[in-house]
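Undergrad: A predicted structure for the sequence below; I have some questions about it.
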Amino acid sequence: DAGITQSPRHKVTETGTPVTLRCHQTENHRYMYWYRQDPGHGLRLIHYSYGVKDTDKGEVSDGYSVSRSKTEDFLLTLESATSSQTSVYFCAIRGDNEQFFGPGTRLTVL
Amino acid sequence: GQNIDQPTEMTATEGAIVQINCTYQTSGFNGLFWYQQHAGEAPTFLSYNVLDGLEEKGRFSSFLSRSKGYSYLLLKELQMKDSASYLCAVRDLVVAGTALIFGKGTTLSVSS
């Protein structure tokens, strides 16, 4: 257990509403990541952070923003959710070399 | 490019050995990783290779050839609980910094 939690674990929302997913870690890791996982696509990087207030875009960043005001928290925001953002979202932290994943958030946008 | 290719599905019998192959193309290779993911769960780390050769860890081994852009995960003495998806991932410092780029995964079904 790498001390990563995600909230909420499940969410159903409507198109056009804002949604924020939270990733919390207890081990003071510098690097944190947000991925989404969809059938036929595997895990794809949305955004990542290399320190407080230091973030960068990943492969599928359109429609998403992130913030990291504290080492332990990395927030992913969908400003206006769309049905194409229905997915399972995983947060991860970097250990010595490997990444450890949180339990995931299943988001459904109707 | 960062193409990562692995077979979509494989089947095997309990007690057997199975090899899952992964080929990749990267700009700034900095390590290859294998993860296991059971349905409805998060991926869990299995192995890491950055130099050529074989890394053995219990029933699981992983091999890397950087010159060929090739890796495999070898699972021995298969058990029913090994039924899962196996994800190959690379770290490409040029394309994605410290993040990992994943293949689409190989679903392994183990039958008795």
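TA: Now that the structure is in, tell me what you want to look at.

Undergrad: need the contact list for residue 94.
TA: Assuming you mean chain A. Contact partners of A:Arg94, counting by C-beta atoms under 8 Å, 6 or more residues apart in numbering or on different chains, are A:29-33, A:100, B:98. Where you see a C-beta, it was placed from the backbone N, CA and C, and this is true even at glycine.

Undergrad: That was the other one, I meant chain B.
TA: Contacts for B:Val94 were tallied using C-beta under 8 Å, 6+ apart; they are B:26-28.

Undergrad: all helices for chain B, in order.
TA: Secondary structure of chain B by DSSP state H: the helices cover B:93-96.

Undergrad: In terms of helix, strand or coil, where does A:Val88 fall?
TA: What DSSP: H, G, I helix; E, B strand; the rest coil gives for A:Val88 is strand.

Undergrad: And the pLDDT for the residue nearest to it when sequence neighbours are not counted?
TA: Excluding its sequence neighbours, the residue lying closest to A:Val88 (C-beta to C-beta, 6 or more residues apart in numbering or on different chains) is A:Gln37, at 4.7 Å. You'll see A:Gln37 listed with a pLDDT of 98.

Undergrad: Any idea which of the contacts of A:Arg94 the model trusts least?
TA: Lowest in pLDDT among the contacts of A:Arg94 is B:Thr98, which has 88.

Undergrad: From A:Ile93, how far off is it?
TA: Distance of B:Thr98 to A:Ile93, computed by C-beta to C-beta, to the nearest Å: 11 Å.

Undergrad: for the residue nearest the centre of chain A, what are its contacts?
TA: By C-alpha atoms, centre = their mean, the mean C-alpha position of chain A lies nearest to A:Trp34, the distance being 3.3 Å. Listed by C-beta under 8 Å, 6+ apart, the contact set of A:Trp34 reads A:21, A:23, A:45-48, A:58, A:64, A:66, A:74, A:76, A:89-92.

Undergrad: Could you say which helix or strand holds it?
TA: Here A:Trp34 sits within strand A:32-38, counting by DSSP states H and E.

Undergrad: how about the residues of chain B that lie near chain A?
TA: Within chain B, the positions near chain A by C-beta under 8 Å from any C-beta of the partner chain are B:31, B:33, B:41-45, B:48, B:50, B:87, B:89, B:96-105.

Undergrad: rewinding a little: compare B:Thr98 and A:Ile93 (neighbour count), which wins?
TA: Taking neighbours as other C-beta atoms under 10 Å in any protein chain shown, B:Thr98 and A:Ile93 compare with A:Ile93 leading, 24 against 17.
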